[in-house]
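Visitor: okay, sequence plus prediction incoming.
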Amino acid sequence: MADVKVQIRGNGPLRVIGEIEIIDQSGNQYAIPEGQWVSFCRCGQSDNKPFCDGTHQDCGFEAPSEAK
Ligand code: FES
């Protein structure tokens with residue numbers, strides 16, 4: 001089993017569960033609280049990109065996610 005899991009949230013973000021490093025375009029690392037999961041915006045409307053800020057719930061984002 002993988003140490004990191006990526007969960008595709010229906011009509012919502014990509015949730016990453018497990019220890020990861022996230023770096024910006026300059027190579028600087030984002031601070032992530034230890035033991036927390038991280039959600040990346042998939043709708044393009046977040047004011048806190050690359051992270052989800054919940055805006056997808058109000059902007060009509062639709063992206064059902066079922067593995068086939
Ligand atoms: S997916 Fe949540 S704000 Fe974009």
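Guide: Everything's here; your move. Numbers count the residues shown, from 1 in each chain.
Visitor: residues contacting the nearest residue to residue 48 once chain neighbours are set aside?
Guide: Distances taken as CB to CB, 6 or more residues apart in numbering put residue 41 closest to residue 48, at 7.8 Å, once the chain neighbours are dropped. (Each C-beta comes from the backbone N, C-alpha and C, glycine too.) Residues counted as contacts of residue 41 (CB atoms under 8 Å, 6 or more residues apart in numbering) are 13, 48-53, 55-56.
Visitor: so which residue is dead centre in this structure?
Guide: Centroid-nearest residue in the chain: residue 40, 1.9 Å away (criterion: CA atoms, centre = their mean).
Visitor: excluding chain neighbours, what is closest to that one?
Guide: residue 14 (4.5 Å).
Visitor: go ahead and confirm that neighbour touches residue 6.
Guide: Yes: using CB atoms under 8 Å, residue 14 is in contact with residue 6, at 5.9 Å.
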